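Asker: sequence and predicted structure below; questions after.
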Amino acid sequence: MRKQYYKNTFTFLLSLLLFFSSCDDYMNFDNNMEGNFDALWTIIDENYCFFDYKDIDWDEIYVKYRARVRPEMNSDALFKLMGEMLSELKDGHVNLIAAHDMSRYWNWSQDFPANFNTSIVTKYLGDDYMIAGGIRYKILEDNVGYMYYGSFSNDVGHGNLSQIINRMAICDGIIIDIRDNGGGSLTNVDRISSRFFNEKTLVGYIVHKTGKGHNDFSKLYPKYAESYNGLRYQKPVVVLTNRGCYSAANDFTNVMKHAPNCTIMGDKTGGGSGLPFSSELPNGWSVRFSASPIYNVEKEHTEFGIEPDIYVSLLDSDVEKELDTLIEEARSLIKASK
């Protein structure tokens, strides 16, 4: 089974590389205002993966924005116009990148309650917490382990994880707080989650573009959570989430939904399930876009976020007392499971 898994993964990656090796074709557009605009629109048109799911009429958007392109406009004005067009995709993985700026779409988190207060979390950690890789952790006074992981870009090795789990083996359970984690490396997702699975487990599917049509996709390739061949945690786990959980944090949440003894608590994540790829415009600017959608085990998109098992919001009354409602509810859940 493991051999078949690696074979499927290799086939998926090879197909992806072969398809996106054709992105150099976009350098054939003229290096002027109109040519760079048309190159950007075409790159997205032929490679972006969520048009139908988001009900986006990309041809209509072309007409809307192309009429505003002028030969005499400067590069800053063109950049701003292109960024506005890309915002129509409502996708935090889509960015236009130049030497002077990077366009971005933040509404996946900004239009929702934060459900996170950094200063209060700092009080829970105190001054005596430990740091292993990118994880800050300590054992709270009621014998509940607490881990805060702010970015999946901060590498965490198996040595770090073994130390954390070994030190928290005495705890009644562990809280893994990934609120405001904007994503990073899927390697860290796989590495951390493997410590909470006792067997290889199906957690979703992934596809990739196979052609220039909006619906030209490969077959569904299964995604699995692996079980680490070593020290693993067997007691209750609560993962805390909010709308600030994006990209790799969204994927981690989806994976941990299938871990035994794990509860997802907080708010719906921010989404961002399309694996990002990049291409270049004639003027040297680059564009990053979602190209490979990730689905859950029910074969549903996870682009717009993962629902928690238990919704909990940060209450103003608790903030006034310098308490974190989500952490307190997670502690209560763990203590009740004893």
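Answerer: Everything's here; your move. Numbering: from 1, shown residues only.
Asker: report the beta-bridge partner residues of residue 205.
Answerer: Legend: beta-bridge partners of residue 205 under DSSP bridges are residue 222, residue 295.
Asker: give me the distance between residue 98 and residue 283.
Answerer: Computed as Cβ to Cβ, to the nearest Å, the residue 98 to residue 283 distance reads 8 Å. Every residue, glycine included, has its C-beta placed from N, CA and C.
Asker: find the residues that touch each one of those two.
Answerer: Taking Cβ atoms under 8 Å, 6 or more residues apart in numbering as the contact rule, residue 98 and residue 283 both touch residue 75.
Asker: ok, residue 210 touching residue 291?
Answerer: No - Residue 210 is beyond contact range of residue 291, at 11.2 Å (criterion: Cβ atoms under 8 Å).
Asker: more neighbours: which of these two?
Answerer: Each of residue 210 and residue 291 has its neighbours counted (other Cβ atoms under 10 Å); residue 291 has more, 22 against 15.
Asker: can you tell me the helix or strand for the closest residue to that one other than its chain neighbours?
Answerer: Spatially, and ignoring its direct neighbours in sequence, residue 291 is nearest to residue 277 (4.4 Å; Cβ to Cβ, 6 or more residues apart in numbering). Assigned by DSSP states H and E, residue 277 falls within strand 275-280.
Asker: quick one: buried residues of that strand?
Answerer: Judged by neighbour count using 16 or more other Cβ atoms under 10 Å, the buried positions of strand 275-280 are 275, 276, 277, 279, 280.
Asker: just flag the most distant two among those residues.
Answerer: Spatial extent of these (Cβ to Cβ) is set by the pair 275 and 280 at 18.4 Å.
Asker: nearest to residue 122 among the buried residues of strand 275-280?
Answerer: residue 276 (31.3 Å).
Asker: partners of the closest one in the sheet?
Answerer: Here residue 276 sits in beta bridges with residue 290, as judged by DSSP bridges.
Asker: residue contacts, it?
Answerer: Here residue 276 is in contact with 93, 288, 289, 290, 291 (Cβ under 8 Å, 6+ apart).
Asker: next one, pLDDT for it please.
Answerer: At residue 276, the model reports a pLDDT of 84.
Asker: do the same with residue 109
Answerer: Looking at residue 109, its pLDDT reads 73.
Asker: could I get the contacting residues of it?
Answerer: Taking Cβ under 8 Å, 6+ apart as the definition, contacts of residue 109 comprise 243, 244, 246, 270.
Asker: please pick the buried ones from those.
Answerer: Neighbour-count burial (16+ other Cβ under 10 Å) applied to the contacts of residue 109 gives 243, 244, 246, 270.
Asker: shouldn't residue 286 be in contact with residue 279?
Answerer: Yes - taking contacts as Cβ under 8 Å, residue 286 lies within contact range of residue 279: 6.9 Å.
Asker: from the contacts of residue 276, keep the buried residues only.
Answerer: By neighbour count, with 16+ other Cβ under 10 Å, the contacts of residue 276 hold 93, 288, 289, 290, 291 as buried.
Asker: give me the residue at the spatial middle of this structure.
Answerer: Geometric centre of the chain, nearest residue: residue 247, 1.0 Å, by Cα atoms, centre = their mean.
Asker: now the strands for this structure?
Answerer: Using DSSP state E, the strands of the chain run over residues 95-97, 130-132, 135-139, 145-149, 174-177, 201-206, 221-225, 237-241, 262-266, 275-280, 286-292, 294-295, 310-311.
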